[in-house]
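A.B. asks: fold the stuff below for me.
(one chain, ligands or ions: 2)
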Amino acid sequence: MDSEALRKYSALHPKPAGLTLQYGTAGFRTKAEQLDHIMFRMGLLAVLRSKAVTATIGIMVTASHNPEEDNGVKLVDPLGEMLHPSWEEYATQLANAEEQELQKVITEICQKAAVNLHKDASVFIGRDTRPSSKKLSQSVIDGVHVLGGQYHDYGLVTTPQLHYMVCCQNTQGQYGKATLEGYYEKLSKAFMELIKQSHCSGESQRHLKIDCANGIGALKLSEMKPYFPQEVLIHIYNDGTKEKLNHLCGADFVKVHQKPPGGLDMKPNERCCSFDGDADRIVYYYKDTAGHFHLIDGDKIATLISIFLKELLAKVKQSFKMAVVQTAYANGNSTRYLQETLKVPVHCVKTGVKHLHHKAQEFDVGVYFEANGHGTVLFSKAAETKIRQLVKEEKDDEKREAAKMLENMIDLINQTVGDAVSDMLVIEAILALKGLTVQQWDALYTDLPNRLLKVQVADRRVIDTTDAERRALTPPGLQEKIDALVKKYKLSRAFVRPSGTEDVVRIYAEADTQENADALAHEVSLAVFHLAGGKGAPPQPI
Ligand SMILES: CC(=O)N[C@H]1[C@@H](OP(=O)(O)O)O[C@H](CO)[C@@H](O)[C@@H]1O
Ligand SMILES: [Mg+2]
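C.D. replies: Ligands and ions are numbered 1, 2, ... in the order given. Now for the predicted structure:
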């Protein structure tokens, strides 16, 4: 380690006095002007991680669905997964070290994590379209450079594209070519092969309006357009040329407010979808002839994909284990439909993609989605090998055709992480293959009315939870109070948990009617306010 260079460069990226930040659910995320030193130091950390695991590590500069003024940074592990939890602590230590301690902290991390500084290091860097992202990614490069790491700067890419590149690189091309062209070619080829097998659906079926949240998704979809077959008519809205990133649009806005985004004119029964700011989430929706808005969220996406995969798995007659992984935010009726109608095992884990991904790895086919539209499907190595073998060797036509579809699904889905572009193509292919309209898809089950609220408290860590965050252990009396409130309503459920990305406590409630869900959510938020140290004015009824 060149101490002199480290001192010189870290002085160029000074830490604001008194600022402490934590590597949370989505890495570091805050106002862009507070992040320069974090970026530099995450450049350092990526080099250490790369040396520790002898593989390429990714760094993505983005704050996803958060306001344009914010920014953030996430590290990507060798196979495209989120940074291993054991390293989140090192990230936090490095981020908060005073400048004169930096070298000492690096040495400590090297000791604890058995990092050999003499090894080579390689880092892939990507960024979203925020005005601050370019400069911040330059600070990442400074960090990588100081510790002698090699880097490849992919510039503007979606978050899932960066995850894909890292996985391709570390599997020596087995997962695909680590270029944007490689990504577009792999996905479009699998998509075209899939829809070739579709017999139904007229031309009008293939129109899709996409709200790109004024973010990176618009740029990358436009780049990908020449790779699509002519029948796929995608119309890009909120492309970032006129309005601000994520402002009154994007997947998070649509999901939270349960209403259409601005900047997209929706005619009755038209199929529409929204990406979030870094294109790793997607939700669908439409307006019926009476003008009512219908949201098709991550739970319904998981359901559609599960129906499709389950049918194919039955046809190939293998004893593959399939399951769906959800969080506590999944709509109660989606869980009921999956378990009781579709007869697929459902598992509930803590909020955050890393938890879902980890659980889904236990199955041959693990479908996971957060209600907000982040999700993908994981296929075990054994299942993938068997499916590819059936495509080559199976004599029975029906079985071979089913295997072929599964093979194309494996190639179309971005197995490294939730990917709005890839998920959109998966959904479009399934709708075309099954000849389903957006209304028919929506009608699979009816969402229970629900409400998501947030409450500010002095210290959200006073709330400790258990049972995949569905029950509160502390503060004393809170869970008993929630239980009593839930009993007042039909088909009701409610839980509270400290957010991992914002300084708030989140409240979720569902019940038989919207009025009841709203009333329950409000009552629970009052309980949180009174028992967990609420700040400011008490929450008002909705
Ligand atoms: C209710 C909700 O949507 N929570 C989101 C949000 O986490 P919180 O810990 O709730 O702030 O951001 C995470 C990262 O993007 C995402 O994984 C998660 O689903
Ligand atoms: Mg995102």
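
A.B. asks: now the residue found closest to Leu79 once you drop the neighbours it is linked to in the chain: how far from ligand 1?
C.D. replies: Take Leu79 and drop its neighbours on the chain: the residue closest to it by Cβ to Cβ, 6 or more residues apart in numbering is Cys167, 5.3 Å away. Where you see a C-beta, it was placed from the backbone N, CA and C, and this is true even at glycine. Cys167 sits 20 Å away from ligand 1, going by Cβ to the nearest ligand atom, to the nearest Å.

A.B. asks: Cys167 in helix, strand or coil?
C.D. replies: helix (DSSP: H, G, I helix; E, B strand; the rest coil).

A.B. asks: show me the chain divided up by domain.
C.D. replies: 3-156, 182-294, 298-442, 450-531 (automatic domain parsing).

A.B. asks: make a markdown table from those and add mean neighbour count, distance to ligand 1 and mean pLDDT to it.
C.D. replies: Output for these, formatted as a markdown table (neighbours: other Cβ atoms under 10 Å; distance: least, Cβ to the nearest ligand atom, whole Å; pLDDT from 0 to 100):
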| stretch | mean neighbour count | distance to ligand 1 | mean pLDDT |
| --- | --- | --- | --- |
| domain 3-156 | 20 | 4 | 97 |
| domain 182-294 | 19 | 7 | 92 |
| domain 298-442 | 20 | 4 | 97 |
| domain 450-531 | 18 | 3 | 97 |
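
A.B. asks: out of those domains, which is closest to Thr171?
C.D. replies: Across the domains of the chain, Thr171 has its closest neighbour in domain 3-156 (7.4 Å, Cβ to Cβ).

A.B. asks: quick one: residues contacting Leu221.
C.D. replies: Taking Cβ atoms under 8 Å, 6 or more residues apart in numbering, we find Leu221 in contact with Ile210, Cys212, Ile234, Ile236, Val421.

A.B. asks: how far away from the center of its chain is stretch 526-542?
C.D. replies: Per Cα atoms, centre = their mean, to the nearest Å, the displacement of stretch 526-542 from the mean C-alpha position of its chain is 30 Å.

A.B. asks: who's in contact with that stretch?
C.D. replies: Stretch 526-542 is contacted by residues 451, 453, 455-460, 462-463, 475-478, 481-482, 485, 496, 505, 507, 518-519, 521-522, 525 when judged by Cβ under 8 Å, 6+ apart.

A.B. asks: ditto for stretch 105-119
C.D. replies: Applying Cβ under 8 Å, 6+ apart, the external contacts of stretch 105-119 come out as 1, 6, 44-45, 48, 51-52, 54, 86-87, 90, 93-94, 97, 147.

A.B. asks: ok, which pair from those is furthest apart?
C.D. replies: Using Cβ to Cβ, the two most remote members of these are Thr54 and Ala97, lying 25.4 Å apart.

A.B. asks: roughly how far apart are the residue in the stretch 101-250 of the chain that ligand 1 sits nearest to and Glu428?
C.D. replies: Proximity of the stretch 101-250 of the chain to ligand 1 (Cβ to the nearest ligand atom) peaks at Thr159, 10.0 Å away. Applying Cβ to Cβ, to the nearest Å, the value for Thr159 to Glu428 is 21 Å.

A.B. asks: list the contacts for the one residue in the stretch 51-200 of the chain that gets nearest to ligand 2?
C.D. replies: Distance from ligand 2 to each residue of the stretch 51-200 of the chain (Cβ to the ion) is smallest for Ser64, at 3.2 Å. Going by Cβ under 8 Å, 6+ apart, Ser64 touches Ala26, Arg29, Gly72, Thr159, Asp252, Asp276, Gly277, Asp278, Asp280, Arg281.

A.B. asks: the fourth one: what's it in contact with?
C.D. replies: For Thr159, the residues meeting the contact criterion (Cβ under 8 Å, 6+ apart) are Met60, Thr62, Ser64, Lys74, Gly126, Asp128, Asp278, Ala279, Asp280, Val417.
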